[in-house]
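> Sequence and computational prediction follow.
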Amino acid sequence: MQTEILIAGFGGQGVLFAGQLLAYAGMENDKQVTWIPSYGPEMRGGTANCTVIVSDDEIGSPLVRHPKVLMAFNLPSLDKYESTVAEGGLLVINSSMVERSTDRNNVRVVALPANDEAEALGDKRLTNMVMLGAMLANQNVLPIEALEKALENHIPDRHRKLLPLNIKALRKGAEFKAVGVK
């Protein structure tokens, strides 16, 4: 099985770290992975996205044209990438920053207020973990426990005190279920 994931948003939302963490979790669970970050010249507020491929087998190309999953952290990301998602794929939409629904009727959709959930947990920087939890609960990529272990192994020392909150955020996101095409 191979899953191509596009994670997109503004710089500062943890988009690249979410993708990197997913890649680490895949490697630590004997999967083949690629992670390709892309970001604008601005440190915060510019565009940021990354593609992650997690596969049981060797990956032929790291380039992704039609991802099975799009995690859209903001409206510009949904506007730009919504049409690229493969039929039967999954859209995970941060409804805290996206006020419209999708036009797609051939994909599954999880619309969750990720920013609001992160703030309710105590830190808006947890948005990326809320989004990852929702994706993992709705797409057979890796178990959520694999991400929890990767967090323990790879969270920067300066953020180690946030580890329990990051795990709570993953689990909070996992409570949101997709609707639409099965």
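Arrived safely. Residues are numbered from 1 along each chain as shown.
> Would you quantify the distance from the residue nearest to residue 162 when sequence neighbours are not counted to residue 159?
What sits nearest to residue 162 in space, not counting adjacent residues and going by Cβ to Cβ, 6 or more residues apart in numbering, is residue 123, at 6.7 Å. The way it works is simple: take the backbone N, C-alpha and C, and place the C-beta from them, glycine included. Distance, residue 123 to residue 159, using Cβ to Cβ, to the nearest Å: 10 Å.
> What ranges does the chain have for its helices?
Along the chain, counting by DSSP state H, helices occupy 15-28, 75-81, 114-121, 127-138, 144-154, 163-173.
> gap between the nearest residue to residue 53 once chain neighbours are set aside and residue 123?
Of all residues not flanking residue 53 in the chain, residue 34 sits nearest, at 4.5 Å (Cβ to Cβ, 6+ apart). Applying Cβ to Cβ, the value for residue 34 to residue 123 is 30 Å.
> cool, residue 96 as well?
Noted for residue 96: a distance of 14 Å to residue 123, by Cβ to Cβ.
> Give me the more crowded residue out of these two.
Between residue 96 and residue 123, counted using other Cβ atoms under 10 Å, the more crowded position is residue 96 (20 against 15).
> Enumerate every residue touching that one.
113-116, 127 (Cβ atoms under 8 Å, 6 or more residues apart in numbering).
> shaky segments in this protein?
40-46, 181-182 (pLDDT under 70).
> most centrally placed residue in it?
residue 132 (4.4 Å; Cα atoms, centre = their mean).
> if we can go back for a sec, run through the residues that contact the residue nearest to residue 53.
Contact analysis of residue 34 by Cβ under 8 Å, 6+ apart lists 23, 51-53, 59, 62.
> try residue 166
By Cβ under 8 Å, 6+ apart, the contact set of residue 166 is 126, 129, 151, 155.
> wait, isn't the second one in contact with residue 174?
Read it as residue 129. No: at 10.3 Å, residue 129 does not count as touching residue 174 under the criterion of Cβ atoms under 8 Å.
> Quick one: end-to-end length of stretch 3-23, please.
12 Å (Cα to Cα, to the nearest Å).
> one step back: which of the contacts of residue 166 are buried, as a PyMOL select command?
Buried residues within the contacts of residue 166, by 16 or more other Cβ atoms under 10 Å, are selected in PyMOL with:
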select buried, resi 126+129+151+155
